[in-house]
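Peer 1: Sequence and predicted structure below; questions after.
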Amino acid sequence: MNKIEIKDFNFFYGKNRVIRNFNLNIEANKITSIFGPANSGTTTLLCCLNRFCDLNNEARYSGDILIDGKSIFAPKVSVTALRRRVGMVFEVPTPLPMSIFDNVSYGLRLLHVKRKQRIPEIVEMSLRQAALWDEVKNRLNFPAASLSGGQQQRMCIARILALEPDVLLIDRACSGLDPISTAKIEGSLMRLKKQMTIVISPHNIQQANRISECVVFMQKGEWVEKITDFRI
Amino acid sequence: MNLNISEKIAKTVVWIASLGMFGVLTSIVAFILFKGLPAISWSFLTQMPEKMGREGGIASPIAGTFLVTVPAVLIAMPFGIGTAFYLAEYTKGGIITRAVRFSAESLAGIPSIVYGLFGFIFFVVKLNLGWSILSGSLTLAIMILPTIIRTSEVAISSVPKTYKEVSYSLGATKWQTIRLTVIPSAVRGIAIGVILAIGRCVSETAALILTAGSVLGMPDSLLSSGRTMAVHFYLLATEGISPERAFGTAALLIITVFFINVVANTLIERLFKRVGR
Amino acid sequence: MFLIFALTSISVLAVITGFIFMQGFPLIADVGLRDFLFGTTWEPTRGQFGIGAMIAGSLAVTFGAALIGIPVGICCSIFMAEFAPGIVRKIFRPAIQLLAGIPSVVYGFWGIMFVVPFIRNYFGGPGLSILAGSIVLGIMMLPTIISISEVAIVSLSHTYKEGALALGMTHWQTILAVQLPAAKSGIVAGVILGLGRALGETMAVIMILGNATALPESILSPVRTLTANIGLEMGYATGVHRQALFATGIVLFIIIMLLNIIAQHLTNRGDMIE
């Protein structure tokens, strides 16, 4: 089943065409790697999937992207709701200047839900899923900046998971992290794919090999090759 | 080696100039405090001035300072901070932004005596508020507006872009992002701007003489004339009324400025230890 | 909503300009621009309105203050940014913040108590003079110049300094050839802000300049500035006399606006180079 369908998609920053005539179907409950050299458009492509690139004033696009068969560019789509459904983890860990607990519950606090009494419960569950709970359970009120780089990145993943997204976008999330953190993150991604669709731009081909069922190669914004059943 | 010698000379000059200027500036403060602190006593602070300030205390100038400063800051804050948010977050360039920024920068450079002239003709004469605490306050509110705008804008635009990106990526709207992410990160800088503004109000003299008058009695409403500590000190010092009380008032002014700085800094530090920055 | 707030500063500037010009312009038209600007007789009771001496006074004192304030101020900011040991910096920084907040009347008072008698005893003359005013204003503008220039130097990227040092430059050469030019726009902004403070200062100059309305003969002569003229006479002026003071305000306003525009232009250009 196709979770995401990208159809004839072009993307421009000003006059600069960053993504060219891109077509891709991404299957549900799998980890899809989008791999390419630096500046090949992988990050931009991920940013388009939750309309994060809208924040740039010069951004334009043509073609369409469907999630669950519905266009994400349709006028009545709520961008904020889309971003909650399609969570994104950035290349560099991005803790907000507040405590670990407040970081993880940030998205929930935006929702004005009645489930507010459930927030501590959801925070714990998300941190467990991101394989961070045991390391931080006694210091949830510490500033997030006091965590190590690898822990910060897992906290960022937990922060997304707290919103229970359908799709998880991960942009070179393990570049520059220690091997132990990388292994923990990869382990939790493997567990999470039962619940959601994961699109990752891996920082090297070995990582793509380790975790994903499907690898898409990109170069200069163009689709090059798609290999399914990458792991032999 | 020639290079080494000139290097040493240059460094020595810099050291001497810096320590020298620090010495001079410190000696000014030390001189005032040394002469003025003995004059400060409980009765000096709580008694009304008598015989043009020759005797008695400075209770009414203290009250005047407070009554002029508080409304001025309260009026200027929403406008100043609002403008800063507009400039830093909402604007996309263009003629209005340039005009806003130009006018804010220009207002910052206008001398206080010109604000005094304006306050006199507009608030005192045209709006018929008379020489009053209110006229003085409104004039000061305009005067400190650019201070608040500038420091707040710097504070807001120096919030790292990633904070905002993260907030958007978690599904926050623009207003939620500002409320939950930008404001907490910028509040320190904004507070510093407001404190600078309070300091300017406390130490302003020229604009207030032209708008608030210099009546020595205790003001009974915002529409009565009154003098602040700075004005009181100026009149005592230039008219040779009472050097002792002039020094006392000056020392109190310096202590007030010092107190504002220290209290604000520690409060802000504490606030930020909690959220971890 | 924010736009409404933002528009206040534009409208305030417009209203201020409008009112001051409205009040002062008729007098300039009556007296004639040349006689007003270059006339050196100020006798408002006899209808003589020439502010030439005061323009000269303002410029002389500001220039003198700049001669003292700018070099010392830049030296101090280099010291704070590059040479001062951590603990010294920790003391200096809040101290300068505090000194910037001290009312100008206090500096003026110090001028009367120290600088004026000193000049009277060692250089002659009344003591209340351009020299005294320049010294006090030069010191007064130091905190402004130092704090802004220091930030400009400190906030430069480390790579500039490291790159220069890696080329074998000495520390001092690096400061002169790389760091000061790179921080130029910030330093210039600080200097102009300081100059504006000196030019616009009123109470301190009333206290130490002597306020004579004649053209100054030397730096030991007493003099009156534009600001002092307004501050001294506004309290009792009426009718044409009051208009003349507003006209003085117009001249001051225009000089300051020119300074502002130059400063804004310079800082903008600096940003573009970076």
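Peer 2: Now that the structure is in, tell me what you want to look at.
Peer 1: Leaving out sequence neighbours, find the closest residue to A:Ala28.
Peer 2: Nearest residue to A:Ala28 in three dimensions, chain neighbours excluded: A:Lys3, at 3.9 Å (CB to CB, 6 or more residues apart in numbering or on different chains). From N, CA and C alone the C-beta is placed, and that goes for glycine too.
Peer 1: Backbone torsions only: list them for the spatially most central residue of chain A.
Peer 2: With distances taken as CA atoms, centre = their mean, A:Leu169 lies nearest the centre of chain A, 1.8 Å away. When read as degrees, to the nearest 10, the backbone of A:Leu169 gives phi -100, psi 130.
Peer 1: Is chain A within reach of the helix or strand harbouring B:Ile142?
Peer 2: Assigned by DSSP states H and E, B:Ile142 falls within helix B:133-157. No: applying CB under 8 Å from any CB of the partner chain, one finds helix B:133-157 separated from chain A by no less than 13.3 Å.
Peer 1: hmm, back to that, look at the residue nearest to the centre of chain A and report its pLDDT.
Peer 2: According to the per-residue confidence, A:Leu169 scores 90 in pLDDT.
Peer 1: That one and chain C: what is the separation?
Peer 2: Per CB to the nearest CB, to the nearest Å, A:Leu169 is found 32 Å from chain C.
Peer 1: Surely that residue and A:Leu49 touch.
Peer 2: Yes: counting by CB atoms under 8 Å, A:Leu49 is a contact partner of A:Leu169 at 5.8 Å.
Peer 1: Tell me the neighbouring strands of the helix or strand bottoming out on mean pLDDT in chain A, and mark each as parallel or antiparallel.
Peer 2: Lowest on mean pLDDT, DSSP states H and E among the helices and strands of chain A sits strand A:222-228, with a mean of 78. Take DSSP bridges as the rule and strand A:222-228 pairs in its sheet with strand A:214-219 (antiparallel).
Peer 1: starting at the chain centroid, how far to the strand it pairs with?
Peer 2: 16 Å (CA atoms, centre = their mean, to the nearest Å).
Peer 1: and what of stretch C:152-160?
Peer 2: The chain centre lies 27 Å from the centre of stretch C:152-160; the measure is CA atoms, centre = their mean.
Peer 1: what pLDDT, on average, does it get?
Peer 2: 79.
Peer 1: cool, stretch B:200-213 as well?
Peer 2: Taken as a whole, stretch B:200-213 carries a mean pLDDT of 87.
Peer 1: With just CA atoms, put that stretch into PDB.
Peer 2: Extracted in PDB, the C-alpha atoms of stretch B:200-213 (Å, rounded to 0.1, in the frame of the first residue of the first chain):
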ATOM      1  CA  ARG B 200      16.700  57.000  31.200                       C
ATOM      2  CA  CYS B 201      13.500  58.200  32.800                       C
ATOM      3  CA  VAL B 202      15.100  58.300  36.200                       C
ATOM      4  CA  SER B 203      18.000  60.400  35.000                       C
ATOM      5  CA  GLU B 204      16.200  62.700  32.600                       C
ATOM      6  CA  THR B 205      16.300  66.400  33.400                       C
ATOM      7  CA  ALA B 206      16.000  68.700  30.400                       C
ATOM      8  CA  ALA B 207      12.700  67.300  29.000                       C
ATOM      9  CA  LEU B 208      11.100  67.200  32.400                       C
ATOM     10  CA  ILE B 209      11.900  70.800  33.300                       C
ATOM     11  CA  LEU B 210      10.000  71.900  30.200                       C
ATOM     12  CA  THR B 211       7.000  69.600  30.700                       C
ATOM     13  CA  ALA B 212       6.500  68.600  34.300                       C
ATOM     14  CA  GLY B 213       7.600  71.900  35.800                       C
END
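Peer 1: how about it, does it reach chain C?
Peer 2: Yes: interface with chain C: stretch B:200-213 contributes B:200, B:202-206, B:209-210 (CB under 8 Å from any CB).
Peer 1: Could you tell me how many residues sit around residue 67?
Peer 2: All of this refers to chain A. 22 (other CB atoms under 10 Å in any protein chain shown).
Peer 1: Chain C, not that one
Peer 2: Per other CB under 10 Å, the neighbour tally for C:Leu67 reads 12.
Peer 1: so what pLDDT did it get?
Peer 2: Looking at C:Leu67, the pLDDT reads 92.
Peer 1: likewise C:Pro71?
Peer 2: For C:Pro71, pLDDT reads 91.
Peer 1: do the one 3 residues further on as well
Peer 2: Note for C:Ile74: predicted pLDDT of 90.
Peer 1: now do C:Thr227
Peer 2: Per-residue pLDDT puts C:Thr227 at 90.
Peer 1: who's in contact with the helix or strand that it is a member of?
Peer 2: Here C:Thr227 sits within helix C:226-233, counting by DSSP H and E. The contact list for helix C:226-233 (CB atoms under 8 Å, 6 or more residues apart in numbering or on different chains) reads B:111, B:113, B:116-117, B:206, B:209-210, C:42, C:44, C:51, C:54-55, C:57-58, C:199-203, C:205-206, C:209, C:211, C:224, C:241, C:245, C:248-249, C:251-252, C:255.
Peer 1: Share the number of residues neighbouring B:Phe122, please.
Peer 2: Other residues close to B:Phe122 by other CB under 10 Å number 21.
Peer 1: Which residue would be the closest one in chain A to chain C?
Peer 2: Nearest residue of chain A to chain C (CB to the nearest CB) works out as A:Asn57 at 17.9 Å.
Peer 1: Helix, strand or coil: sort out that residue for me.
Peer 2: Secondary structure, DSSP: H, G, I helix; E, B strand; the rest coil: A:Asn57 is coil.
Peer 1: ok, it to C:Leu137 distance?
Peer 2: Here A:Asn57 is placed at a distance of 46 Å from C:Leu137 (CB to CB, to the nearest Å).
Peer 1: rewinding a little: now do the contacts for the residue nearest to the centre of chain A.
Peer 2: Contacts for A:Leu169 (CB under 8 Å, 6+ apart) come out as A:46, A:49-50, A:86-89, A:199-200.
Peer 1: Also within reach of chain B: list those from those.
Peer 2: Checking the contacts of A:Leu169 against chain B (CB under 8 Å from any CB), the matches are A:50, A:87-88.
Peer 1: how near is B:Leu138 to chain A?
Peer 2: Distance, B:Leu138 to chain A, by CB to the nearest CB: 37 Å.
Peer 1: Which residue, other than its chain neighbours, is closest to that residue?
Peer 2: Leaving aside its chain neighbours, B:Leu138 sits nearest to B:Phe123 (5.3 Å; criterion: CB to CB, 6+ apart).
Peer 1: A:Gly187 too?
Peer 2: In space, A:Gly187 comes closest to A:Ala131 once its chain neighbours are excluded; the distance is 6.4 Å by CB to CB, 6+ apart.
Peer 1: Ramachandran angles for that neighbour?
Peer 2: Torsion angles, degrees, to the nearest 10, at A:Ala131: phi 60, psi 40.
Peer 1: Around chain B, pick out the residues from chain A.
Peer 2: Neighbours of chain B within chain A, by CB under 8 Å from any CB: A:50, A:52, A:55, A:57, A:80-84, A:87-88, A:90, A:92, A:94, A:96-99, A:102, A:106-107, A:109-110, A:142-146, A:156, A:159-160, A:163.
Peer 1: Keep only those of those residues that are in strands.
Peer 2: Counting by DSSP state E, the part of these found in strands is A:87-88.
Peer 1: Would you mind listing which of the residues of chain A next to chain B are buried?
Peer 2: Buried members of the residues of chain A next to chain B, counted by 16 or more other CB atoms under 10 Å in any protein chain shown: A:50, A:52, A:80, A:82-84, A:87-88, A:90, A:94, A:96-99, A:102, A:106-107, A:110, A:143-145, A:156, A:159-160, A:163.
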